[in-house]
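1. Pasting the sequence and the predicted coordinates here, then a few questions.
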Amino acid sequence: MRSTALLTVALSLSFFEAASALATGPALPHSAIVARDDASNSADLYPAPPTNGGKAWADALAKAKSAVAQMSLEEKATFITGQNGPCVGNTGAVPRLNIPSLCLEDGPAGVRPVHGTSQFPAGLTTAATWDRDLFYQRSLKMGQEYYDQGVHVALTPVTGGPLGRAVRNGRNWEGWAADPYATGEASYLSVKGLQDAGVAATSKHFIGYEQETFRNQFNSTEAYSVFGRSEQLPISSNIDNKATHELYMWSFAEAVRGGTGHVMCSYNEVNQTHACANAYTQNHLLKGELNFQGSIMSDWGGMWGNVNTANGGLDLAMPGWGFGGIFGQFWGSHLVDAVNNGSVPEDRVTDAATRVLIPYYALGQDEKPLPKVVFNAQVDYYDAPNRYRNVRKQDTADLIRKIGEDSATLLKNTNGALPLKAPGRIAVIGTDAGANELGQNACGSDLNQCPSWNNNGSLTVGGGSGTALAPYLVTPRDAIQQRAITLSSEVTWVLNDTAYDAVGTAAQDADVTIVFVNDYATEGRDRPDIKLDHDGDALVAAAAANSFNVVVVMHIPGAVDIEAWVDHENVTAIIAAFLPGQETGNAIASVLFGDVSPSGKLPFTWGKTLEDYQPGTIVTDPVHAPQSDFTESLYIDYRYFDAKNITPRYEFGFGLSYTTFEYSDISIDTTYKTDEAAIQDTAEPFEGFDGSNSLYDVLATVSAQVQNTGDVVGCEVAQLYVSIPEEGQPPRILRGFEKLKQLQPGRSATASFPLRRKDLSVWSVERQTWYIPEGTFTFHVGASSRNLPLSTKWSK
């Protein structure tokens, strides 16, 4: 039976005094600062394994061990504790050993909050391309900007935390797809891209971080707060062992295989224990089963104790003693005291310092020092100039535009309304089409600081630590106007969301009315609903009441309710453009005017209403120890819709094109291929292991032919789903995809889907191992999760 008691951990009085002195607001009573540890997740049962470097980092391990062996206990503790500095996170330095302070910087959409860098499309946007090359190139170009700004450790990518369990999650847009396989593919390639650029990746947030409400950073309150600072524990994600392995660990395994240097633990509790102090998830699962050889760092405000986090497997305390102490002051001298009083073994501190150093050496950052940091990301807490350095390159802007083009997902296109064919008169409607009245970065470094009366303009990225400043912004209105000039078309606009009379007048006179709407999401709070912002339904209705040809473009962080107008006869086309970054206008103009045929497909299921989704995924109970029970287990997103026979508005993987495609000739090749992709090997147990084989060896490859049967050059994302012959498994799960690019009319191409042992396996809770079930598997191939014209059978 689950205990809901609050268990306090002993923290030194000096910590309480320091935290109270530095935190904003009144001092916290000792009883208010609590950190819980369920005994089943303790370090007594799951001690932290020391790093061995894995197959890729033997030389880096030797360097790191040599350096750490020369450090005193105080030097080791200082090195692995965040300090004051110009970056969002700064390790301690050891000058006598030529070890600098390592710079850690946000975030998933670019170097934040730093000018002179690019605003990249969000992870969700990039996921909608279903293009592995773009996954890699985005991270490679982003990594170049991190490197050139002097950042050692990039606080990205989001690696399935959140995965997308809750449709209203405020941070889903930072991640990828609501599916472990697709997010795993993106995670592997994102890590590889960043680290090929010479910057260490941070895969986050481990694990089960699926809501913002009650995430409860230490010593802080946020919009959802119902208690004072640190009076309420973080939400506990209570996840069964099977879902942990088959859903929430999957993408982290791929990040480890990609060689990720660091993993960030999450704010939430996992099964009654703080994630950053959870020995089962960190020591047993991540460092044990996944054989992770780098460091685990805390999220900022994710630590609630000293001893429990160190023994629980944490390696790097962030922000430690930095950030003005607003998240408390953990480790540092408190860790030294813990070692001296026997609470933490010094070997644990030694291993932590070694793990933090290994990626630094593995990436050659010691041999080729990074440029000096000239920015100051902590102007409120660190006294140093905040200087400008431009590290942007033109081909990066080109890539951002291409991701925007290739992610645009065409949801409706009645009678070929798109692409536009030299319309005489164009009306552009909505504040989302234009510029922020106060400037493109006026809403601050987290995108949450604009006054309520302001017209924030076109939505290009979400808010919080995952945002990025834009060096410029090409608005949809500007890009469409430029096209109108070229085509000798007339263009007018109404950049107001409630001037319905003006909207009606503009729409009546137009050959096409393009309405831009959006829905904002940010770190720190979940979306209250899935409705469009600014009463977007009314804006679309005003246009549709006065125009026979309305095209709706949505900048959104996930599914929104469009039932009020989706079937309106005058709404002829709908595009989900997601959050495309600084080139938003150029990208959408390319799609609207037919420079490219849209090829984006949904990386999530688009329900008709909020009630279509599994209930209870955002817990708001105003209690001291909130609990989120993941009772749906494996059944999230399309798996839930399929199991419950719920018809979505648009299924997972759906997206239209300006051309058409036909699938044929499915086949299976059972040639065995050994895994050659892993940079680091995991240690995941599996049935049939003989010491030489891998869970990631390919057992079979499914192929199918895809023909462009239309009259426009186009790209198609072919998808493979597997029906596993095991009770309790979803009807179908994604296990392959390939983007076939630039198919000429009438031409065919082969889509190939290699299936690894893990892709065909399930996790045995009883035996604690992966195994392939007995029985007949069905492989389905097609254009989406519910458009699967081809199938074939296979047995092991």
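-> Perfect, I can see it now. Numbers count the residues shown, from 1 in each chain.

2. Can you say which helix or strand has A186 in it?
-> Assigned by DSSP states H and E, A186 belongs to helix 180-196.

3. List the buried residues of that helix.
-> Along helix 180-196, these residues count as buried under the neighbour rule (16 or more other C-beta atoms under 10 Å): 180-195. C-betas here are computed from N, CA, C, even on glycine.

4. Against which helices or strands is it packed?
-> helix 123-127, helix 132-148, helix 250-257, strand 733-743 (3 or more C-beta pairs under 8 Å, 6 or more residues apart in numbering; DSSP states H and E).

5. Quick check: which of these is buried the most?
-> Each of those was assessed for mean neighbour count using mean count of other C-beta atoms under 10 Å. The highest is helix 123-127, with a mean of 31.

6. mean confidence score for that helix?
-> For helix 123-127, mean pLDDT rounds to 98.

7. Adding distance to V344, write the helices and strands packed on helix 180-196 out as TSV.
-> Putting the helices and strands packed on helix 180-196 into TSV (distance: least, C-beta to C-beta, whole Å) gives the following:
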stretch	distance to V344
helix 123-127	36
helix 132-148	32
helix 250-257	25
strand 733-743	42
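
8. so what's the residue of the chain most remote from its centre up against?
-> What lies farthest from the middle of the chain is D509; by C-alpha atoms, centre = their mean that is 42.6 Å. Remark: with contacts taken as C-beta atoms under 8 Å, 6 or more residues apart in numbering, D509 is in contact with 425, 427, 492.

9. what sits against the residue nearest the centre of the chain?
-> The residue at the geometric middle of the chain, judged as the C-alpha nearest the mean C-alpha position with C-alpha atoms, centre = their mean, is G175 (1.8 Å). With contacts defined as C-beta under 8 Å, 6+ apart, G175 is in contact with 123-124, 127, 158-164, 183.

10. nearest residue to it other than its sequence neighbours?
-> V158 (4.2 Å; C-beta to C-beta, 6 or more residues apart in numbering).

11. try E632
-> Q614 (4.9 Å).

12. same check, this time on H534
-> With C-beta to C-beta, 6+ apart as the measure, D497 is the residue that lies nearest to H534, at 4.1 Å, once sequence neighbours are left out.

13. Now do that neighbour against A186, distance only.
-> Plainly put, D497 is 34 Å away from A186 if you go by C-beta to C-beta, to the nearest Å.

14. K393 too?
-> For K393, the distance to A186 under the criterion C-beta to C-beta works out to 23 Å.

15. Likewise for L155?
-> Remark: distance between L155 and A186 (C-beta to C-beta) = 17 Å.

16. these two touch, right, R229 and N216?
-> No. The criterion here is C-beta atoms under 8 Å, and R229 misses it with N216 at 9.1 Å.

17. These two - which one has more neighbours?
-> When R229 is set against N216 and neighbours are counted by other C-beta atoms under 10 Å, the residue ahead is N216, at 26 against 20.

18. Pull the number of nearby residues for the closest residue to T117 other than its chain neighbours.
-> Closest residue to T117 apart from its sequence neighbours, by C-beta to C-beta, 6+ apart: V111 at 4.2 Å. Each residue near V111 was counted by other C-beta under 10 Å, and the total is 32.
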